[in-house]
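>>> Fold the following and give me the result.
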Amino acid sequence: EHPTNGTLYAATSSVHDLYESTYLEDSRIDGGAGSVVLSNDKGQTWQTLHDFGHPVIWLAIDPNNAENMYASVVHSSQGGIYLTQNLGSGASASWVKLAVPPRTEGHPFNIHVLKDGSLVATFSGRRNSSGAFTESSGVFLSVNGGASWQDRSDPGMRRWTKDVVIDPHDSNQNTWYVTVFSHWGSPPNEVGGLYRTTNRGLTWQRISESYRVESMTIDPVDNNTMYFCTETEGLWSTGNLSAANPTFSEVDDYPFRHPTRVFYNSFDPNQIWVTSFGGGLRVYQQ
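Here you go, the predicted structure:
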């Protein structure tokens, strides 16, 4: 949502299941289409803002300048992070591709714009034509508007990273969490789990060794409460996230193996919505 005028923006793709195990190869993604669309009537109707001709998976608006929007576009050669600096021009807005982070091969995922203008991005998994994972995934930081990038990845993130979450309770935005899938093939391959940094990726701690963690969400009110989603092990939570070694437990009454994201209801901080990979949308009161 645009911070001042209420316009809604969405990333679209004709390719489903992006960055799941069956949709990591160029041959399954490069033929896809995608665009950024917008709605000025709360989602009743949509129009195309920009047709990239390739899948779009993520959008971010600069909190310091709402004319700047970033888009993650997925393609082996044309993929990357794109920027417009005149979002208000609508379909006439111009887009440029930012520099390519080191090691990456066209599979961008998350983008976050920090309060100081820094960009934080993840690039997710890629498998070559033989089915092997390439070391093109991880977490990357730019302090110059995307002109260049620093590789802030833990070694375990180099093949199949998912989300990076900026801790909303850290006013300096130095604390990040990253969710990672274990991969197969070249070792080390049992690297999935949840990772935490308190210094913007200079060092990392693996605080959960779950096989494959899809995403995580921190309670906007309680800095110790967090949920994370897994591929096959259901929904997990902790009540002591700020501890040096948090303890996690499965949410026993969540009845599906593959939740994908958790959202807090902004009008009721005790209510969470859980989306899933095939199990529908469920609502819970904490």
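>>> how many other residues sit next to the closest residue to G88 other than its chain neighbours?
Spatial nearest neighbour of G88, excluding adjacent residues (Cβ to Cβ, 6 or more residues apart in numbering): E67 at 5.9 Å. Heads up, the C-betas are built off the backbone N, CA and C, glycines and all. Residues within reach of E67, counting by other Cβ atoms under 10 Å, total 13.
>>> Over to the one 5 residues further on?
Neighbour count for S72, taken as other Cβ under 10 Å: 25.
>>> I'd say it and F52 touch.
No. Here S72 lies out of contact with F52, judged by Cβ atoms under 8 Å, at a distance of 10.1 Å.
>>> Can you give me every residue that contacts F109?
Contact partners of F109, counting by Cβ atoms under 8 Å, 6 or more residues apart in numbering, are Y19, I57, W58, S72, A121, T122, F123, S124, T161, K162, D163.
>>> The fifth one bridge partners, please.
Read it as A121. I111, F140 (DSSP bridges).
>>> Might one say that it is in contact with I81?
Yes. Using Cβ under 8 Å, A121 makes contact with I81 at a distance of 6.1 Å.
>>> show me where pLDDT drops low in the chain?
When residues are selected by pLDDT under 70, none of them lie in the chain.
>>> out of everything not next to it in sequence, what's closest to the residue of it most remote from its centre?
Distance from the centre of the chain peaks at S92, with 27.3 Å (Cα atoms, centre = their mean). Excluding the flanking residues, the one nearest S92 by Cβ to Cβ, 6+ apart is N86, at 7.8 Å.
>>> which ones are touching that neighbour?
E67, S92, A93, S94.
>>> and T22, that's in a strand?
No. Read with DSSP: H, G, I helix; E, B strand; the rest coil, T22 is coil and lies in no strand.
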